[in-house]
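Undergrad: sequence first, predicted coordinates after that:
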Amino acid sequence: IGQPVSPPTVGRLLKGLGYSLRVNAKKIEAASNHPERNQQFEYIADQRAEFTRRQRPILSIDSKKKELVGNFKNTGQAWVCEPTAVNVHDFPGDALGRAVPYGVYDLTNNRGFVYLGSSGDTPAFAADAIAAWWQTEGQLTWPTDDHLLLPADAGGSNSCRTRAWKERLQVRVCDRFGLTVTVCHYPTGRSKWNPIERRLFSHISNNWAGVPLRTWDTLLAFIRGTTTAHGLAVHAIFDDGNYPTGQQVTDAEMATLRIEPHAICPQIGVGTGIAARPLHRSRRAELPHRAPALRHDDSSDGYGCTIWTRGIQRVINGCIRSQFTLPRWLRRDNPRRHRRLTSLRNRPIARKFPGMP
């Protein structure tokens, strides 16, 4: 209207109309109206309930925020007499390296495992983290179980659409240890529903809050020292191996994988089962930790023969994982081994327990 007005007057008038300086508020969930969103959560809950009922391991997996190792500012506050002096700028060239933590959280036992790397957060790195957990803790905590449930985010190194993740999981986990893995991906942008975020990663961040992570040993010490009033225990190991990005998996390699998509939202991998492939005779000598292959013959009188064979297989797996010596009659070089197993399978006691695992 052509009248000069000072800035304080404009501010006073705006406040009188209910205006104020505000920042953007993140309140809108992306794709919250997706028709299959709730179905995904319900299916993952059903899978967790089924694995809990069968007393099988449930491992929440994810990669944590990457950290620069050096004299850099770390978010948070710490009780000190004087502020800790750190670098003004966080230049990667001044760092000892970039820490890549990948976490595996055992929901049943409230135990965390962090696989700390210094290279890339790749599918191969994620698969090696799960394999390292099985070697150090899994086969001791779950000696008689060979089926894992992995709730994971939809993106990152364990993305539901990444071929390399499925191929590395097949080769480095399932084939290597004779395991079956069921992977359930949460919907896109729903990582906060992944249990590892609030049950493990949040406590690690609180433990090292306000303290510069100057060395690798300092970083590992804070991770291993993380605990809670509910008894959380965390184990961490460091791997300085190189994990290059850009790994390609061909259609022919994908065709050899033993992948069984579940019926619920198979296009985004809400439920995907990956089983170990049978080993060729030439490869069995390279993997001494694998159990010898037993014949699963079909019996004419029902389930007795097959169920007894599975029971013997579990005995062998338990002996191998516990580093015990197999009995002579179960060794592969014994010519009477198959005849002895056949006689055991045909005993009436094998038919008295149809629910034997």
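TA: That came in fine, so what should we check first? Residues are numbered from 1 along each chain as shown.

Undergrad: just want the most central residue of the chain.
TA: Nearest to the geometric centre of the chain sits Ile61, at 3.1 Å (CA atoms, centre = their mean).

Undergrad: for beta bridges, what are the partners of that residue?
TA: Val104 (DSSP bridges).

Undergrad: test my guess that it contacts Asn158.
TA: Yes - counting by CB atoms under 8 Å, Asn158 is a contact partner of Ile61 at 6.3 Å. For glycine as for every other residue, the C-beta is placed from the backbone atoms N, C-alpha and C.

Undergrad: identify the contacts common to the two.
TA: 126, 150, 152 (CB atoms under 8 Å, 6 or more residues apart in numbering).

Undergrad: can you show me the helices along the stretch 51-200 of the chain?
TA: 123-133, 139-141, 163-169, 176-177, 195-196 (DSSP state H, counting those that start in this stretch).

Undergrad: which one of the ones you listed lies closest to Val80?
TA: helix 195-196 (30.1 Å; CB to CB).

Undergrad: against which helices or strands is whichever helix or strand comes after that closest one packed?
TA: Next in sequence after helix 195-196, counting helices and strands by DSSP states H and E, comes helix 202-207. Contacts defined by 3 or more CB pairs under 8 Å, 6 or more residues apart in numbering; DSSP states H and E place helix 202-207 against helix 216-224.

Undergrad: list the contacts of the helix it packs on.
TA: 67, 69, 96-97, 99, 101, 114, 116, 204, 207-208, 211, 213, 234-236, 238.

Undergrad: filter those residues down to just the buried residues.
TA: 67, 69, 97, 99, 101, 114, 116, 204, 207-208, 213, 234-236 (16 or more other CB atoms under 10 Å).

Undergrad: okay, and which of those residues map to strands?
TA: 67, 69, 97, 99, 101, 114, 116, 234-236 (DSSP state E).

Undergrad: where does this structure dip in pLDDT?
TA: 1, 30-34, 266-271, 278-357 (pLDDT under 70).

Undergrad: so which residues of it form strands?
TA: With DSSP E as the criterion, the chain has strands spanning 59-63, 67-69, 97-106, 111-117, 147-152, 180-185, 233-239, 259-261, 272-274.

Undergrad: quick one: closest of those strands to Gly16.
TA: Between these, strand 67-69 lies closest to Gly16; by CB to CB that is 47.7 Å.

Undergrad: list the helices and strands that closest one packs on?
TA: strand 97-106, helix 216-224.
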